[in-house]
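> quick one, fold the following:
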Amino acid sequence: MAEVATAWKSFAIRLALVWAALFVLTFPQWQAMSYLWWNVATYSFILLLPPIIGWLAWMRRHELAKLAPTAWWPGLAWLALGLIAWTGGRASGIDLFAQAGTVMAFQGAAITLLGLRASLILALPIAYSSFLVPFGDEIVPQLQAITAHMATSLTELSGVETVSDGIHIDTPAGLFIVAEACSGVRFLIAMVALGVLVIFTCFDSWSRRAWFMLACFVVPIIANGIRAWATIFVAQYVGAERAGSFDHIVYGWFFFGIVIAIVLGVAWRFFERDPEDAGWTLEELDRLGIVSRLGEKPVPANLALGAILLVALLFAALARLV
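Just a heads-up that it's a prediction; the model follows:
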């Protein structure tokens, strides 16, 4: 047990070293991502993810205590792929690629130093860290169109005279525009992140996981359309300005929480396990034969450390050329 504890302490030092090197290399991307987390409402939920990722890893501590981390060469492939995406994103000016590559590089470094067994035990927190990358702006126009269509249809069904043109909805109370902020992308992306967390911590059945994820996609879109319609409908009686102010307060403070509570409340009775039971155990890995099929040949930890730093150095040099 003392040897295992010593091995984990050495791993923590090595991981901190390579992550520090990668952080220096990819600092502009972390700076850009953190700016979005703090200043763009769509991505503010990401500020909650680091403690959630830490919690997911902490729940696997008893399984991790049964083995010592053993470096694994194939992890370098994920690291290199991430740095390729990072380099390509920087060269092309596509921030999403550069930021996704940044997170992939950190994941690849961890997988390389952890080894196959420990990485599989920590598969959920490692994979969940992908949500640190801000995404979703790409689907805003489509969500605007869907919201406008739903709001228009419901407004007409409510007996309100309506003339619509794309995202513009003209009513007796005034002209309403489904702006980017009203597209519901913030709600949808946060629900998807929540859904992924729930399906892998509370469900065993893939069919139930699929149904819950479907709800996390569909419910926020429908709910946002209803919210937009309610704002237009209320405006017919209290005025567009007052209805808009009330909408922002309700949507920001109550609406999101109510919809989450409803989705989780309906799904609660179908939960199949406690979050503490999520993830593979060593016994399950041995029974499934995953490690034996993929292969796990021990690699000297310092050699793996040097290889990671060398790869990072090579891409740092390449980044200066592109």
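> C-alpha from now on. contacts and neighbour counts both.
Fine.
> so in this protein, where's the weakest helix or strand by average pLDDT?
helix 240-250 (a mean of 62; mean pLDDT, DSSP states H and E).
> next SSE after that one?
helix 256-268 (DSSP states H and E).
> so what's residue 144 up against?
Neighbouring residues of residue 144 by CA atoms under 8 Å, 6 or more residues apart in numbering: 167, 178, 179, 180, 182, 183, 184.
> wait, which of those residues is closest to residue 4?
Nearest to residue 4 among those, counting by CA to CA, is residue 184 at 47.8 Å.
> grab the nearest non-local neighbour of that closest one.
Among residues not flanking residue 184 along the chain, residue 224 sits closest, at 5.8 Å (CA to CA, 6 or more residues apart in numbering).
> helix or strand: which one has that neighbour?
Secondary structure (DSSP H and E) places residue 224 in helix 206-238.
> show me what that helix packs onto, helices and strands only.
Contacts defined by 3 or more CA pairs under 8 Å, 6 or more residues apart in numbering; DSSP states H and E place helix 206-238 against helix 140-157, helix 185-202, helix 240-250, helix 256-268.
> ok, then the element right after the helix or strand hosting residue 34?
Assessed by DSSP H and E, residue 34 sits inside helix 27-39. Going down the chain from helix 27-39, the next helix or strand is helix 49-58, by DSSP H and E.
> kindly calculate the angle that that following helix makes with helix 185-202.
Counting by axes from the mean of the first three to the mean of the last three CA atoms, to 10 degrees, helix 49-58 lies at 10 degrees to helix 185-202.
> same question for the helix or strand just after helix 49-58, mean pLDDT?
Going down the chain from helix 49-58, the next helix or strand is helix 61-64, by DSSP H and E. With pLDDT averaged residue by residue, helix 61-64 scores 90.
> what's helix 61-64 packed up against?
Using 3+ CA pairs under 8 Å, 6+ apart, the elements in contact with helix 61-64 are helix 116-121.
> could I have the buried ones of the contacts of residue 144 as PyMOL selection syntax?
Buried residues among these (16 or more other CA atoms under 10 Å), as a PyMOL selection:
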select buried, resi 167+178+179+182+183+184
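> mind putting the contacts of residue 144 into CSV with pLDDT and secondary structure?
As requested, those are arranged in CSV below (pLDDT from 0 to 100; DSSP: H, G, I helix; E, B strand; the rest coil):
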residue, pLDDT, secondary structure
167, 88, coil
178, 85, coil
179, 81, coil
180, 79, helix
182, 79, helix
183, 84, coil
184, 84, coil
